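Visitor: Sharing a sequence plus its predicted fold:
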Amino acid sequence: MIYDILLRAALVGILLAVLLSIMSYFVVLRKMTFAGVGVAHSAFGGIALNFLFGITSYILPLSFSVIASIFIAFMYKKGKMSEDSAIDLIFVFSMAFGVFIMSISKGYSANMLGILFGNILAVNTYDLYISIFIFILGFLFLNIFFSHFQLITYNEELAKISGMNVDMLYYLFWITLAVIIVLSIKLIGIILVNAFLVLPALVGMNISKNYKGAIFSAIASSIVSVLLGIFISYLVNAPTGASITLTFVTLWALSALYAKLK
């Protein structure tokens, strides 16, 4: 039984880690490293409503996060607000709303640790099917628009001149980010999910200087972190997200040492 749970958690973690690693490349280059914090915490409002109504659906957390991501993108593009300011606004509202709703929900405290830091026991077969579906869609999306995002990241004006709908792609990027992050919360937790939007790219860039090598290194380090983190979590009965993140930070330190020696 426990091996089925570990295998399911590992598969979900690997599928989401691959997508987050690719997204991480653009997040770090665009200096959007605070993005994961804002989007993940925006889901807290939806999770709190789940507790209040006694449901486990992804609909409310996803809705909160997608709306939050669209708001952030809109305020940056049209509202003349910096991304950090828009993210911070969403962050404080969602957390305040979530805490208020959770405080009037029954039995919320027993599940709080899993929400904040991840819980492999919460990952079920339904989560695996959803993750496979999102992985296929996300991989196709990133494969089709990778060169577009790359050009926008390096030279947005040139992308506009070449005929790309930069604003639409910007919104799609944020929405994709929101969906993947929400699905990762069960395994990694709200607080630590941002690690997978920063550390993969940092490890990849330490190991390789070209973008293909950096992305492949980022994916490999993410998969290793997920597998080792889940194993450590099971071995010492620690929160999954914390175990995965600490493993990832260790890999980053080793990659930084490798880059220095190289």
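Guide: Nice, thanks for sending it over. Not measured: the values here are computed from a predicted model.

Visitor: can you tell me how far residue 203 sits from residue 159?
Guide: Between residue 203 and residue 159 the distance is 27 Å, computed by CB to CB, to the nearest Å. Where you see a C-beta, it was placed from the backbone N, CA and C, and this is true even at glycine.

Visitor: Compare the two and say which one has the larger neighbour count.
Guide: residue 203 (30 against 19; other CB atoms under 10 Å).

Visitor: Could you report the separation of that one from residue 170?
Guide: 26 Å.

Visitor: if I pick residue 84, what's in contact with it?
Guide: Contacts for residue 84 (CB atoms under 8 Å, 6 or more residues apart in numbering) come out as residue 34.

Visitor: and it, what element?
Guide: helix 83-103 (DSSP states H and E).

Visitor: In that helix, which residues are buried?
Guide: 83-84, 86-91, 94-95, 97-98, 101-102 (16 or more other CB atoms under 10 Å).

Visitor: Low-confidence ranges, the chain, go.
Guide: 1, 106-114, 121 (pLDDT under 70).

Visitor: By residue count, tell me the biggest helix in it.
Guide: helix 125-154 (DSSP state H).

Visitor: now for whichever helix or strand comes after that one, which elements pack on it?
Guide: The first helix or strand that comes after helix 125-154 along the chain, using DSSP H and E, is helix 156-161. Judged by 3 or more CB pairs under 8 Å, 6 or more residues apart in numbering; DSSP states H and E, helix 156-161 is in contact with helix 125-154, helix 166-188.

Visitor: Hmm, residue 158 is touching residue 151, no?
Guide: Yes: with contact defined as CB atoms under 8 Å, residue 158 reaches residue 151; the gap is 6.5 Å.

Visitor: Who has more neighbours out of those two?
Guide: Under the criterion of other CB under 10 Å, the comparison of residue 158 against residue 151 puts residue 151 first, with 17 against 11.

Visitor: so how far is residue 252 from the residue nearest to residue 130 when sequence neighbours are not counted?
Guide: Spatial nearest neighbour of residue 130, excluding adjacent residues (CB to CB, 6 or more residues apart in numbering): residue 183 at 6.4 Å. Distance, residue 183 to residue 252, by CB to CB: 23 Å.

Visitor: of the two, who's got more company?
Guide: Using other CB under 10 Å, the more surrounded residue of residue 183 and residue 252 is residue 183, with 28 against 19.

Visitor: so the more buried one touches residue 131, yeah?
Guide: Yes: Residue 183 is within contact range of residue 131, at 5.9 Å (criterion: CB under 8 Å).

Visitor: what is in contact with those two at once?
Guide: What both residue 183 and residue 131 touch, as defined by CB under 8 Å, 6+ apart, is the set 12, 16.

Visitor: what residues are up against the most centrally placed residue in the chain?
Guide: The chain has residue 181 as the residue nearest its centroid, 3.4 Å off, counting by CA atoms, centre = their mean. For residue 181, the contact set (CB under 8 Å, 6+ apart) comprises 20, 36, 39-40, 43, 65, 193, 197.

Visitor: Can you tell me how far it is from residue 82?
Guide: 20 Å.
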